[in-house]
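Chemist: What follows is a predicted structure for the sequence shown.
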Amino acid sequence: MLSHRRRGTWLRWVLAAAAAVVVLAVGVPFVYIHLIEGPAPAPLGLSDPASPSASASGAGSGKAAAAVPLPGTWAVAAGSRAGYRVNEVLLGQKNVAVGRTNSVAGHLAIRRTTVTAGTFTVKMATIRSDRSQRDAQFDGRIMDVATYPTGTFTLTRGIGLAPVPAAGKVRAYRATGSLTLHGHTRQVSFGLEAKRSATQIRVSGSIPVTFADWGIPNPGFAGFVTTQDHGALEFLLVFQKR
């Protein structure tokens with residue numbers, strides 16, 4: 001009888017310990033993601049509060065500034081950002097992984113009302129998220145930034161702008177070009193939005209990226225973090241006339 005009671009007590013302790021492990025495994029990530037870490041940054045867009053405003057570019061001075069002529073060469077300027085967005089599951093809890101950088105360079109060439117050339121380049125080693133462990137995986141196993149230090153998009157088809165929208169008006173376009181990541185180059189086509197002020201052109205968009213197409217290992221890590229087989233390269237580019 002005593003032995004039976006001991007076995008029953010032992011079994012209850014084992015079950016209680018197992019339940020505690022489950023609660024911790026689910027509860028700790030939930031608390032961290034939803035209460036401590038908070039929601040992921042919103043996608044980059046033309047309404048992004050960190051991007052230059054109309055007033056900063058001279059359009060909010062109470063007197064309308066003369067618009068810079070559209071034709072010519074426009075260079076990527078301060079306020080530009082790019083990065084990635086990937087859906088992940090951390091110990092059973094859904095999360096959105098976001099990494100960003102402002103180390104972006106590039107240009108647009110416009111002839112009359114057509115974008116005839118364009119490119120932007122991102123320094124991959126400068127992309128950072130809110131977790132150092134994720135950044136270490138990104139720099140090493142996933143993107144190997146020492147071997148492939150940059151990611152580049154180059155326009156391969158012109159974009160017609162006519163009729164050119166008035167300053168402050170957002171208009172949607174479609175871009176086609178070559179995207180180079182992780183040493184692989186593929187053709188991509190995606191939507192973007194653009195808005196012109198008196199002195200700037202701002203462009204935002206998101207390029208879908210299926211990891212295997214660019215030879216990128218799945219970002220999932222040892223069963224601790226699992227991810228989808230795709231993500232997105234987000235960008236907000238601020239151009240100024242050269």
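Modeler: Perfect, I can see it now.
Chemist: does residue 74 have beta-bridge partners, and which?
Modeler: residue 108, residue 241 (DSSP bridges).
Chemist: what sits against it?
Modeler: 107-110, 201, 239-242 (C-beta atoms under 8 Å, 6 or more residues apart in numbering). Heads up, the C-betas are built off the backbone N, CA and C, glycines and all.
Chemist: can you check residue 101 too?
Modeler: 81-83, 122-123, 126-128.
Chemist: Next up, phi/psi of it, please.
Modeler: Note on residue 101: backbone dihedrals following degrees, to the nearest 10 are phi -150, psi 160.
Chemist: ditto for residue 140
Modeler: Main-chain torsions, residue 140, degrees, to the nearest 10: phi -100, psi -90.
Chemist: just to revisit the earlier point, quick check, nearest of the contacts of residue 74 to residue 155?
Modeler: Distances from residue 155 to the contacts of residue 74, taken as C-beta to C-beta, are shortest for residue 108 (8.3 Å).
Chemist: how about that closest one, what does it touch?
Modeler: 73-74, 115, 117-118, 201, 239.
Chemist: any idea of the pLDDT on it?
Modeler: Residue 108 is assigned 97 on the pLDDT scale.
Chemist: Sketch out the low-pLDDT regions of the chain for me.
Modeler: 1-38, 48-65, 91, 222-223 (pLDDT under 70).
Chemist: and the most centrally placed residue in it, which of the three is it?
Modeler: Centroid-nearest residue in the chain, with C-alpha atoms, centre = their mean: residue 84, separated by 2.9 Å. Of the three states, residue 84 takes strand according to DSSP: H, G, I helix; E, B strand; the rest coil.
Chemist: quick one: it and residue 127 touch, right?
Modeler: Yes: using C-beta atoms under 8 Å, residue 84 is in contact with residue 127, at 6.9 Å.
Chemist: quick one: contacts of stretch 130-137?
Modeler: Here stretch 130-137 makes contact (C-beta under 8 Å, 6+ apart) with 37, 97-99, 127-129, 219, 221.
Chemist: Fine by me, thanks again.
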